[in-house]
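# predicted model, plus sequence, below.
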Amino acid sequence: MTSFPLRLWRAARLHADTYEEVEADPRSIGQALAVVLGACAAGGIARFALARPLEPAELTLLVAASALEPLVLWLVGSAFAYMLGASFLRGPETRTDYAEVLRTTGFAFSPALLRLFAWLPAGVGVAIDLAARAWVFVAVVVAIRQALDYGTLRAIGTFGLAVLLVMLLMLGLSVAPFPL
């Protein structure tokens with residue numbers, strides 16, 4: 001079994017065999033959660049560092065939302081990717097469960113740890129933040145590909161549809177009237 005720091009490094013470097021290892025190791029769910037919680041902390045720090053002057057209440061809300069974003073995207077996005085990938089877009093080799101998808105996609109958040117450096121000045125922090133977000137997207141595609149035993153194009157399609165469903169859900173929750 002590979003050490004946790006080495007798994008993080010290799011997942012960030014998009015090593016397919018690391019995602020396969022995580023997929024096959026049920027005990028790695030705690031490590032996947034740790035990666036996502038680290039991404040949550042980094043996201044909160046990045047939002048705080050990159051926020052323009054705001055009222056304290058607004059800043060608190062933005063930082064909290066940014067800190068929770070990776071956790072929500074991990075749980076909900078993985079659920080949608082699993083539902084789509086294991087049913088509608090199932091490949092001939094697809095044999096998976098939600099926990100396998102959670103483990104692999106959790107490790108895909110490892111590049112988000114770089115968002116800790118968003119505080120750097122002169123646009124460097126913004127560039128790091130944007131690059132880390134893009135890198136996570138690519139890593140999630142690799143994670144989905146490995147968890148669902150897909151080709152890359154099918155994994156991109158599954159990821160794109162899962163993102164669309166997450167966005168529709170968020171839109172629905174933001175405009176839906178809530179009962180008192």
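Received it, and whenever you're ready, just let me know what you need. Numbering: from 1, shown residues only.
# contacts only, for the residue lying closest to Gly157 once chain neighbours are set aside.
Leaving aside its chain neighbours, Gly157 sits nearest to Leu89 (6.6 Å; criterion: CB to CB, 6 or more residues apart in numbering). For glycine as for every other residue, the C-beta is placed from the backbone atoms N, C-alpha and C. Leu89 sits next to Leu148, Tyr150, Arg154, Gly157, Thr158, Leu161 when contact means CB atoms under 8 Å, 6 or more residues apart in numbering.
# just those residues now: which is nearest Leu59?
Nearest to Leu59, judged by CB to CB, of those is Leu161 at 34.0 Å.
# share the number of residues neighbouring Tyr82, please.
Tyr82: 23 surrounding residues under other CB atoms under 10 Å.
# quick check: next helix or strand after the helix or strand that contains it?
Using DSSP states H and E, Tyr82 sits in helix 78-83. Moving toward the C-terminus from helix 78-83, the next helix or strand (DSSP H and E) is helix 98-107.
# which residues are contacting that next one?
For helix 98-107, using CB under 8 Å, 6+ apart, the contacting residues are 7-8, 11, 18-19, 22-23, 25-26, 28-29, 31-33, 35-36, 74-75, 77-79, 81-82, 85, 139-140, 143-144, 146-148.
# can you pull the buried residues of that helix?
Of the residues in helix 98-107, those with enough neighbours to count as buried (16 or more other CB atoms under 10 Å) are Ala99, Glu100, Val101, Leu102, Arg103, Thr104, Thr105, Gly106, Phe107.
# do the same with stretch 123-130
Gly125, Ile128, Asp129.
# what is the least confident helix or strand in the chain?
Each helix and strand of the chain was given a mean pLDDT (mean pLDDT, DSSP states H and E); the minimum falls on helix 56-72 at a mean of 87.
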